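*Asks:* Give me a 3D structure for the following:
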Amino acid sequence: MDIRRCFDILELEREATMEEAKQAYKDLVNIWHPDRFSSNPRLKQKAEEKIKEVSEAYETVKSFFSSKKTLEPEKSSQAKAEADCHNAQAETEAKDTTEAFVEAGTVFVLRLFSSLSSALRRIVKDIP
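*Replies:* Here you go, the predicted model:
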């Protein structure tokens, strides 16, 4: 089960702690306990299904907290597209920076060889 779905089932915020998850689980068990609906078979069946879902979500959240992962906020497709665009711009800027360094280095080397070439021509010209 997806961890975000588990947080939703337990009615938890994304920043919730394990203690809050435990309390939410206990609250939902008290609300949905099948014994509360013993006089109505249809509601008892629904409560049993809900308890199974809540228990599965709680077990997933417990293992999530024990592995100490972080829950990243869900991004909308527009936010994902903006993030992708930003990453592409950062890559382009990095390439632009690299290209600028390469270009500056090339200019430096060409000017150095040009100066050396001019100096060598003067030396050769001065030899009798």
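*Asks:* Which pLDDT value goes with the closest residue to Lys50 other than its chain neighbours?
*Replies:* Nearest non-adjacent residue to Lys50, counting by C-beta to C-beta, 6 or more residues apart in numbering: Trp32, 4.4 Å away. Where C-beta positions appear, they are placed from N, C-alpha and C, glycine not excepted. Per-residue confidence (pLDDT) for Trp32: 91.
*Asks:* which residues touch Trp32?
*Replies:* Trp32 makes contact with 47, 50-51, 54, according to C-beta atoms under 8 Å, 6 or more residues apart in numbering.
*Asks:* what do you get for Ile9?
*Replies:* Contacts of Ile9 (C-beta under 8 Å, 6+ apart): 53-54, 57.
*Asks:* Just the ones of the contacts of Trp32 in helices?
*Replies:* Among the contacts of Trp32, the ones falling in helices (DSSP state H) are 47, 50-51, 54.
*Asks:* Pipe these into a markdown table and attach pLDDT per row.
*Replies:* Shown next, in a markdown table, are the ones in helices among the contacts of Trp32 (pLDDT from 0 to 100):
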| residue | pLDDT |
| --- | --- |
| Ala47 | 92 |
| Lys50 | 94 |
| Ile51 | 93 |
| Val54 | 94 |
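*Asks:* Columns distance to Leu120 on top of those residues, output as JSON lines?
*Replies:* JSON lines is the format used below for the ones in helices among the contacts of Trp32 (distance: C-beta to C-beta, whole Å):
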{"residue": "Ala47", "distance to Leu120": "94"}
{"residue": "Lys50", "distance to Leu120": "89"}
{"residue": "Ile51", "distance to Leu120": "90"}
{"residue": "Val54", "distance to Leu120": "85"}
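*Asks:* out of those, who's nearest Ile123?
*Replies:* Val54 (89.6 Å; C-beta to C-beta).
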